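Chemist: need a structure here:
(2 chains)
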Amino acid sequence: MNRSILLFFAFFLNLNASTINFQEEKYIEVIDNSVFRKGTLDFKENKISLKYKNSNRVLIYEDDNLTIKNGEDIQRVDLNKQLALKMIFLLIEAIHTNDLKTLEEYFLIKKEKQTTLLEPKESLKNYIKNVEFKKDKKLDFMTIKMTNGNITTIRELDD
Amino acid sequence: MIKYFNYILFSILITLFFVFNINSKISTNIHSLLPKSENKELLKQFLEFESNKKILVTVKGLDKEALEELRSFEKNILKIKGIKKENSLSSSSFKEYQNKYYFYLNELNNEKTNNLEVKQELNNLYDSVINSFLTVDINKKDPFQLIKKEDIKINIKNGKLFLEKYGYVSFFSLEKSVNSLNEYERIYDEIKKQETSNITTFSSIYYFVENSRYIKNDVNKIVLLATCLLIFLYFFILKNINLLSNTLLTLGSSSLFATICLTLIYEEISLFVLVFGLSISTIAIDYMFHHYFHRNYEEKKGFNKEVFLGFFTTFLAFFILSFCDFLLIEQITRFAMISLFLSYIIFSFIYPKITFKQKEFKLYEQKSISIKKLYFFIFSLAILSISLQNINYDFDIKSLDYNNKELKEKENFFKTHLNNKDAQTVLVKASSINELILYNEQIKKIDNTSNSSLDKLISKEKFIKKHKELSQSKLKKIKEELEKYIVNTPFKKDSFKNAYVYELEAPEYSYEKLLEYNISLKKYKDDYISYINVSKEKYNDILKEEFIYSLSLKTLFEENLQNELEKIVILGLLSLVFITLIIIFITKKKMIQALNFLLFPSALIFIYLSFVAVNILHIFMFFIILSISIDYAIYSSKDNKKQTKKAIIFSAISSFAGFGVLIFSDINSLFSIGSVASLGIFAILILILFQKVDNASKSL
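Modeler: Down below sits the predicted model:
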């Protein structure tokens, strides 16, 4: 099974993409509603920057640290409070770079037709229920279901 | 038939040795030297905790190649039977419990609680939810984050834990079923096969494997050396192979017999006892040499009184020392008594029936130097009075073990990188689970940096106190305001229905439930035990608590040794008094000449001991050397013929083959024995060669 997934990644994925536009759909359980936002994800070596449209705030994931830049103001995010967020970045990076081994470190990978289902292992189970994604030439969708009932779906948009 | 007595006896004993699997009762673990006590039992129990069976793995470097190397290593070692990946997943029942007692198991931020504006906070919460990056992380029990959270530093790079300024790290553990040294060895060997120059691994079980192998190799080396020396002595000088094979068989039979007898008395015996016992067995060679050189084995001469007196005094010295409660010495002395007794019987009563012809040979004759016995006497007394004032003791039993520096460095490396360098582990014992938790809470008051798996639990007493604090806090008001203001917000009305609700009943813990919660807990007799890591600074204060037990071998042995040292010295001196009285009684006018055999070896040994940290084995060996010397004192004073000198010289060289070769050991305990023995034997040879004696011929 792993081999077929590897072929799938190698064949279809856009390995060198540096910036993608995306739409985020965030279902928030406590308000029983979804919030839609658009933004860009900028991939550089060991660094991902996330910026939403109409916002000055930039979230930077670099060397496994998270910082929020708001103009001149730089705020380091407390990992203890944002472990789930860090794991989501880890997921985005691994899926983007086709880093199957990192995914295997944290998830059981199941391929179902054209989508891939990731089931968390060990302590990650405390935060993430499962992850589903479909990636062709671009990221069709990636849905992260959290154990607290929240669901985040990211779709890559055409340029 | 009697000619084959030694062969038959040896065959019977070696068969018994293997049939009853005596080998399995011989331990290389230093713990087996600990006296039988509650502390020893508790230490054994502690070693069975899973935390002692972790395997730490790290790779040098933080680049992708290093990560790849570690991953492939992980893949390979997970194929080894008995190894599993460290599981950090909490059980669902534990999560449920943590959630239920959330406000009891964590600290409330009183300042924030007292100053909280619920309406405003709800608006802030809504803003943060809407504007959050990618996901929303709300604790519905505590949406306003009124509980203080500890800062946990997790170093993750490329999705992998790493040690700062070094490289990636991963953790494995052994299955519960892996408990024996054989299994440890199998796992150790298989891991080592996979290790590369970039990969470092460490586990506490490595100590068992590496130390045991090192000690076994060292012992093999020494036994080989001793055997070569004895073969050289018999083959090239005595030229009597028949005598050699019979003597080796007799010594072997005596040692086997003593080992078998000891395993009937003790559950396990230390390899140190065996090595030491084997060395002591070689003392018996002098019984054979005296009979042999006095032609007792070829002519009918009757009972040899000198040899009997030599045996009797040595046996008596061991008998007196055997009253010492220090397990190592108790076992060695019992081994020695059994082994010497059997050897004496065989050498004195069976060998004359087998008959051995003496072959003539000449030894080097020393005629030029002759020193008056009084000079030896005065010199020895002077040296003893000075050196006895400069003795320093070392009570640490670890200093007797093999000093595995390389492994200790690895352990320190991991401890330093995992910020655990100064932690000391203590064992806690209580008659009930609640008492155990209560004790852990008491230790936290002494040392707030202490940590234990018991930290996840709360005692009934602390629950009542916490409950009172929570009742008096503003939580109830906050809850009411939350319910009031949430109506006018976009939040679902029941989103926070469980917020700021705390339990009214204390948790009921059962043994099985706590194991499910991954608490390190064991039942021990009618009590419960667990362990706590405490800081070095508070360690001694914490040890004073009656429910706390030390897990340090150093502390355990020190207590035992300090209690026993006085007894050893008294018993040793008592045996010395006996020996001296016997010497005076036997030697009469040649008293000084005989006493020199006690004083001169003592003097040389104490010059050495005044320069080193003296351990228990130095002291013990000192008394043993004196009990050997007395044989020579008796032989030389009763009869100063060539044959006697020959017998003494050969006995001394044989004793060197038995004890002296231990000086070549890298294990401190064996080296201690070897150094004292070598000096003692050297002193005896000097006396034989240079002491001017009455009516003596200096030719050998």
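Chemist: in the stretch 1-150 of chain B, which spans are helices?
Modeler: B:5-19, B:38-47, B:64-77, B:92-100, B:102-105, B:110-114, B:118-131 (DSSP state H, counting those that start in this stretch).
Chemist: do the stretch 451-600 of chain B as well
Modeler: B:460-472, B:475-485, B:511-516, B:536-543, B:553-587, B:591-609.
Chemist: ok, chain A next?
Modeler: Secondary structure of chain A (DSSP state H): helices located at A:2-12, A:83-96, A:100-106.
Chemist: which elements pack onto the shortest one?
Modeler: Packed against helix A:100-106, as judged by 3 or more C-beta pairs under 8 Å, 6 or more residues apart in numbering or on different chains; DSSP states H and E, are the following elements: helix A:2-12, helix A:83-96, helix B:64-77. Where C-beta positions appear, they are placed from N, C-alpha and C, glycine not excepted.
Chemist: which one is B:Gly159 nearest to, not counting chain neighbours?
Modeler: A:Thr102 (4.0 Å; C-beta to C-beta, 6 or more residues apart in numbering or on different chains).
Chemist: could you list the low-pLDDT ranges of chain B?
Modeler: B:29-36, B:87-90, B:150-154, B:361-368, B:395-401, B:420-421, B:553-554, B:556-563, B:638-641, B:693-700 (pLDDT under 70).
Chemist: repeat that with 50
Modeler: Within chain B, the segments meeting pLDDT under 50 span B:696-700.
Chemist: for chain A, same thing?
Modeler: In chain A (pLDDT under 50), the answer is A:1-17.
Chemist: quick one on the thing from earlier: now distance to B:Val169 too, for the helices and strands packed on helix A:100-106, in a markdown table please.
Modeler: Below are the helices and strands packed on helix A:100-106 laid out as a markdown table (distance: least, C-beta to C-beta, whole Å):
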| stretch | distance to B:Val169 |
| --- | --- |
| helix A:2-12 | 25 |
| helix A:83-96 | 17 |
| helix B:64-77 | 8 |
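Chemist: would you mind finding the most buried of those?
Modeler: helix A:83-96 (a mean of 21; mean count of other C-beta atoms under 10 Å in any protein chain shown).
Chemist: packing partners of that helix?
Modeler: Right, helix A:83-96 is packed against strand A:33-44, strand A:47-52, strand A:57-62, strand A:65-70, helix A:100-106, strand A:128-135, strand A:139-146 by 3+ C-beta pairs under 8 Å, 6+ apart.
Chemist: now it against strand A:65-70, angle please.
Modeler: 100 degrees (axes from the mean of the first three to the mean of the last three C-alpha atoms, to 10 degrees).
Chemist: helix A:83-96 to strand A:47-52, inter-axis angle?
Modeler: Going by the same axes, to 10 degrees, helix A:83-96 makes 110 degrees with strand A:47-52.
Chemist: what's near enough to touch the residue nearest to B:Gly159?
Modeler: Residues counted as contacts of A:Thr102 (C-beta atoms under 8 Å, 6 or more residues apart in numbering or on different chains) are A:90, A:93-94, B:158-160.
Chemist: nearest to B:Leu78 among the residues you listed?
Modeler: For the contacts of A:Thr102, the minimum distance to B:Leu78 (C-beta to C-beta) is 15.4 Å, reached by B:Lys160.
Chemist: tell me who's in contact with the residue nearest the centre of chain A.
Modeler: For chain A, A:Ile92 is the residue whose C-alpha lies nearest the centre (C-alpha atoms, centre = their mean; 3.0 Å). The contact partners of A:Ile92, by C-beta under 8 Å, 6+ apart, come to A:41, A:48, A:142, A:154.
Chemist: of those, which ones also sit close to chain B?
Modeler: A:Ile154 (C-beta under 8 Å from any C-beta of the partner chain).
Chemist: can you tell me the closest non-neighbouring residue to the single nearest residue of the stretch 351-500 of chain B relative to chain A?
Modeler: Nearest residue of the stretch 351-500 of chain B to chain A, counting by C-beta to the nearest C-beta: B:Ser495, 4.1 Å away. Setting aside the residues directly before and after it, B:Ser495 is nearest to A:Val30 in space (C-beta to C-beta, 6+ apart), at 4.1 Å.
Chemist: ok, the one you found to B:Leu454 distance?
Modeler: 35 Å (C-beta to C-beta, to the nearest Å).
Chemist: off-centre distance for stretch B:611-619?
Modeler: Taking C-alpha atoms, centre = their mean, to the nearest Å, one finds stretch B:611-619 lying 18 Å from the centre of the chain it belongs to.
Chemist: quick one: end-to-end distance for that stretch.
Modeler: 14 Å (C-alpha to C-alpha, to the nearest Å).
Chemist: do the same with stretch B:417-424
Modeler: Stretch B:417-424: ends 16 Å apart by C-alpha to C-alpha.
Chemist: buried residues, it. List them.
Modeler: Buried residues in stretch B:417-424, counted by 16 or more other C-beta atoms under 10 Å in any protein chain shown: B:417, B:423-424.
Chemist: could you dump these to a markdown table with secondary structure?
Modeler: Shown next, in a markdown table, are the buried residues of stretch B:417-424 (DSSP: H, G, I helix; E, B strand; the rest coil):
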| residue | secondary structure |
| --- | --- |
| B:His417 | helix |
| B:Ala423 | strand |
| B:Gln424 | strand |
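Chemist: how is chain B carved up into domains?
Modeler: Following automatic domain parsing, one finds the domains of chain B at B:92-152+B:419-551, B:210-359+B:368-400+B:555-692.
Chemist: which one of the ones you listed is the most hemmed in?
Modeler: Among those, highest average neighbours (mean count of other C-beta under 10 Å) belong to domain B:210-359+B:368-400+B:555-692, with a mean of 20.
Chemist: against chain A, how distant is B:Ser339?
Modeler: Counting by C-beta to the nearest C-beta, to the nearest Å, the separation of B:Ser339 from chain A is 57 Å.
Chemist: skipping adjacent residues, who's closest to residue 74 in space?
Modeler: Here I'm looking at chain A. A:Thr67 (5.8 Å).
Chemist: chain B, not that one
Modeler: B:Glu74 sits nearest to B:Ser170 (C-beta to C-beta, 6+ apart), 5.8 Å away.
Chemist: is it correct that B:Leu617 is in contact with B:Gly674?
Modeler: No. In this structure, B:Leu617 is not within contact of B:Gly674 by C-beta atoms under 8 Å, at 9.9 Å.
Chemist: for the residue nearest to A:Ile74, give me its contacts.
Modeler: A:59-60, A:74-77.
Chemist: now the closest residue to chain A within the stretch 501-650 of chain B: how far from B:Phe414?
Modeler: Per C-beta to the nearest C-beta, B:Asn518 is where the stretch 501-650 of chain B lies closest to chain A, at 11.9 Å. To B:Phe414, B:Asn518 is 21 Å away according to C-beta to C-beta.
Chemist: helices or strands up against the helix or strand harbouring B:Lys444?
Modeler: Under the criterion of DSSP states H and E, B:Lys444 resides in helix B:433-446. Judged by 3+ C-beta pairs under 8 Å, 6+ apart, helix B:433-446 is in contact with strand B:423-430, helix B:460-472, strand B:527-535, helix B:536-543.
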